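Chemist: show me the folded form of this:
(chains A and B)
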Amino acid sequence: MGLQYLDKKGRPLVAVTGMGVVTSLGRGKAVNWQGLTSGSSGIRHITRFPTDGLRTTIAGTVESAASQPYSAYELASEIAEDAIAEALVQAGLDTGEGFDGPLFIATPPSEFEWPLLSELYRNGSPVEGGTAYARMLAAARTGKFEGMARHLEFASIASRLQDRFGTKGEPISLCTACASGATAIQMGVEAIRRGETQMALCGATDATVHPEGLVRFSLLSALSTKNDTPEKASKPFSRNRDGFVIAEGAGAVVVESLASAEARGAAVLGIVLGCGEKADDYHRTRSKPDGSAIIGAIRGAMVDAGLETVDYVNAHGTSTPENDKMEYFSLRAVLGNTLDRTPVSSNKSMVGHTLIAAGAVEAVFSLLTLANGILPPTVNYDDPDPELPLDVVPNTSRAAEVNSVLSNSFGFGGQNACLVFSSLKEAVS
Amino acid sequence: MSSKRDVWITGIGILSCAGEGVAAHSPDIGEAPSRRDHGKLSPYPIHRLCDVDFSTQIAKASEQRQMGLWQRTGVYAAGLALADAGLAGQAEILNSTDLVVAAGNGERDCSFDAKVLEGGLCDGAASGRLNEALLTGLRPTLYLGELSNLLAGNISIVHHATGSSRTFKGEESAGVSAVENAYRRIAAGQSDVCLVGGALNADREDLLLGYELGRTLWSHPYSPVWSRKALGGGFVPGSVGAFLVIEAREHAQARGHKPYAAIRNVVSDRSRREWGTLASTLQKLFTALDVPVGPLAVMSGASGVEPVTSDELAFLQSLEASGHQVAIRAHGTRLGHGVEAHFPAGVCLAALALAEGCFPPPSDENGVETPFDEELSRVLVTGLGHWRGEGFALLERVQ
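Modeler: Okay, here's the model as predicted:
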C-alpha cells in the first residue's frame, strides 16, 4: 500500500465517504445542517402519548407516518434505514448489489413495551394460581403472536438492516449506552485497520420516547423539567442547566480505507484519525470524581490520532450538571491552555440527547462542520456557568477553518468513547 | 494481517447448574448436577444455577443489591476467570484489560408488571394511570439492571477491568461475536488481554415470554438436545455465567502464566436460513478454519431448536465423507442453553478438555454422541443461533 494511504503509525487511513442522519430537526443532512447552523430546536411537547402526571413532558421525537402504531423497534429501524440509505447514496454505493463490508449498528433496548404486554395479557387465558406472566405465556403458546418476537429479539434491527443493504458477514449489534454510536464507528475503523475489510457501514439508532423510556430517566433525575419552553430546555454548559432532553435519531457513516476510496473515485468527506475508549469503575451513572476514565478516553483518541490539539470539540454536552462539569474538567486536563482557544459546542442544545444514536449523529455533525467550515452553536447559552469557562459558540453559528474535530461520547455503565475526525489535508500533513 | 499473534486462553470462569469453577466443569467429572426444574415455570423445564455465595466475588452487599441475578452471575463468573488467570487485583493489567460482553436485556420487575396488567392500568383510556404507576412503581436501580451494557459496567465496578468495554447483542451470535472480536483484536495487536463472556438467568418468566413468542422453547418433559426433533424441538434455558481471559501469547509468557489452549481461529456469518443457505454457509466457515483431517472433537452449541439442530448435526456428520472422524458433544444437554453465554461456555469447556487431554463422555442415549478415544489435540466449538447467526471456533492444545 502506498505510504500516502497510511497514518503516522503505519496503519491504513480510514476515510468517511458517506453519511446520513435523522433527528428531531428532520431527515437528511441538508435539513439538519440548516437547522443546526440557524440555531433551531427540535425539542417539542410530547404528543405521542398522554403525559399526565409526568415530571418531564418534552422530547425531541422523530415523527413518522410509516411506523404506526409506534414501537421502538419499528421507528428505530425505519430511521436507521433512512440514515444508511442516505449514506450509501453519498458514497456512490447505492447500487443495489449489496454493501461490500460488515455492519456495526448500535440499537436501543429490545424490550416489552406496555401495548405489547397489554395485548398478550388480554389474549391469554388466566392460569389457575398462575402469575400474569403465566397468562401471557399461555397467549404466546397459541403461536398467534410470533410477529411480536421482533420487538424482543436483540439483533432484529441488525438483521433487518442487513437484509435491506446486503452487508457481509454477521452484522454486529452493539450497546455501549450513550457512547454506542462512537463505538460502532470505532469498530469499523478497527476492522479496516486490521485489513479484514476495505469498508464498513457503521451507525446507531434510538427511538425510545415512550412512557417507560421517559419515566426511568426521570426517576434517575436525569431529565430537564423545563416543560414550558421546550426549545429552551437543553442548556449545555449553562449555570441553570437541569438535565438532558430525551430525543430520537439515527446516524450512519460509510468508513472506507483511503486507498479504496481513492481507487473508486469516491469523495473523501473526512478521515477518522483517532479512536479512544476507557471504562470507568466508579459508579453505574456517575464518573470518577477525578475524571480519569473520561480523560483516558479523550487522551486515547488524541494519541491514536497523533494530535496534541484540535480545532473544535463536538461535546457530549448533555446539559446535566454532572456531565458538563466532568467534560469540561477532562477537556482541560487533556488540552490544557489550548482549550481557551478551542471552540466547544453541543448539538444536544438543539436536537436533545439521542442516547444510543448520539455518537453517530454527532459524528455526522462533526464531519459536516469539517466540510463546511461552520461551527454549529450551543443555543440557550444565556447564563454561562462561570466554573466552566468555554467558548461554546454561544447561540449563533460561526465560520471557522476546521481541520480536526474531537467528538466525545459518554454513557451509563462507565462507557467513554471519543473519536477524532480530520480533513484529508490534516491527515496526510 | 501478515503478522498475526498467537492467542491463548489463560483464564476460565464458569458457573452453571453443574457447580462453579473449572473443577465442577472438568471433562471427566462424570454425572454432574443438572438441577432441572419442571415445577415453577411449567411447562418449561430450565436448569437452575448452583447454590452460590456471591459475596466471595462481590464483597459489598450494596453492590449485589444493584444487580439483577443475570448480572450477579456474570460478574461472579468474570471474577472467577480473572482469578483463574492470575489477574485478580493486578491493577496495572486490569487497567488495560478490554471487556467484551455478550448480553441480552436484563430483568424486568415481573411483580410490578403484573400489578399494572391486573389493574388494567395500561389499557388505552387509562394511560394517565400508567404514568402514575410507572412513576411510583418503577425502581431506577431495576432499570439499570435492564440495560444490556450494565453487566459490563458492573464487572468494571467490581473487578476494575477498565481498558475498554463493549457489549454485543443478538442472542447466541452475540457470544460468537464477543469471542471473535477479542480474538481478532489480540491477533492484530489491538489488544493484549481481553475478558470475554456472558451470562443468563434462566429462572425468569419475562425471559421465557420473549422466547416463547417465537415458539422456540422446549415445553415437554426434559430430553437431550439431539432427541427433541420428534416433538418439534426447542431449547431448555440454563442459568450460566461463562467468562474467559483471552491473551496474547507473549503477554501471558511475560507474566509466566500457562494457557489452557490456543484459539486458532474464530469465524462467523449469518446465513439466510429461509433461503436454504445454512449448509453452504457452514461449509464455507468450516473450510476457512482449515481443519486437518482425522479425529475431530466437536463441542456443539446446538440448542435443540429445529430445524437448525438437525441441520447442524447433518453438516457435522457429512464431514466424515471428507476424512474427519467427528465426535460430538452438545453441552446444552448437561448445562442447558445459555443463549448469549452459550458459545463462551462451549469455548470454556473445550479449553478445559484440551488442557486435561480428555473429551467429556457422551451424554446422549440415542447414539449421536460417540466415544472419543483419540489423542485430543483440537476441538471445534460450534455456535449456531437458535434463530439466526452461525459461528465456529477452532481451539488447539498448546504443546
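
Chemist: and the end-to-end length of stretch A:62-73?
Modeler: Distance between the two ends of stretch A:62-73: 13 Å, counting by Cα to Cα, to the nearest Å.

Chemist: for that stretch, buried residues please.
Modeler: Applying a neighbour-count criterion of 16 or more other Cβ atoms under 10 Å in any protein chain shown, the buried positions in stretch A:62-73 are A:62, A:64, A:67, A:70-73. Using the backbone N, CA and C atoms, a C-beta is placed for each residue, glycine as well.

Chemist: what lies in contact with stretch A:86-97?
Modeler: Residues from elsewhere that reach stretch A:86-97, judged by Cβ atoms under 8 Å, 6 or more residues apart in numbering or on different chains: A:17-21, A:28-29, A:85, A:99, A:165-166, A:201, A:203, A:252-254, A:256, A:264, A:266-267, A:269.

Chemist: buried ones from those residues, can you make that a PyMOL selection?
Modeler: The buried residues among the contacts of stretch A:86-97 can be selected in PyMOL (16+ other Cβ under 10 Å) with this line:
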select buried, chain A and resi 17+18+19+20+21+28+29+85+99+165+201+203+252+253+254+256+266+269
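
Chemist: in strands only, show me the contacts of stretch A:86-97.
Modeler: Judged by DSSP state E, the contacts of stretch A:86-97 include A:17-21, A:201, A:203, A:252-254, A:256 as members of strands.

Chemist: with these in mind, which one is nearest to residue A:324?
Modeler: residue A:21 (23.3 Å; Cβ to Cβ).

Chemist: so the closest one touches residue A:364, yeah?
Modeler: Yes: Residue A:21 lies in contact with residue A:364 (Cβ atoms under 8 Å); the separation is 4.4 Å.

Chemist: identify the contacts common to the two.
Modeler: A:29, A:32, A:251-252.

Chemist: would you check which pair of the residues you listed lies furthest apart?
Modeler: A:32 and A:252 (12.9 Å).

Chemist: what's the overlap in contacts for these two?
Modeler: With Cβ under 8 Å, 6+ apart, residue A:32 and residue A:252 have common neighbours A:21, A:364.

Chemist: burial of the nearest residue to residue A:318 once chain neighbours are set aside, as a residue count?
Modeler: Nearest non-adjacent residue to residue A:318, counting by Cβ to Cβ, 6 or more residues apart in numbering or on different chains: residue A:244, 4.2 Å away. Counted by other Cβ atoms under 10 Å in any protein chain shown, the residues lying close to residue A:244 total 26.

Chemist: same check, this time on residue A:425
Modeler: 9.

Chemist: likewise for residue A:281?
Modeler: Residue A:281: 21 neighbours (other Cβ under 10 Å).

Chemist: keep only those of the buried residues of stretch A:62-73 that are in helices.
Modeler: A:72-73 (DSSP state H).

Chemist: now, among the buried residues of stretch A:62-73, which is nearest to residue A:401?
Modeler: Checking the buried residues of stretch A:62-73 one by one against residue A:401 (Cβ to Cβ), the nearest turns out to be residue A:62, at 32.8 Å.

Chemist: in terms of pLDDT, where does residue 281 sit?
Modeler: By default, I'm working from chain A. Note on residue A:281: pLDDT of 95.

Chemist: not what I meant, chain B
Modeler: 98.

Chemist: and for residue B:311?
Modeler: On the pLDDT scale, residue B:311 is placed at 98.

Chemist: residue B:97 contacts residue B:162, doesn't it?
Modeler: Yes: in this structure residue B:97 lies within contact range of residue B:162 using Cβ under 8 Å: 7.3 Å.
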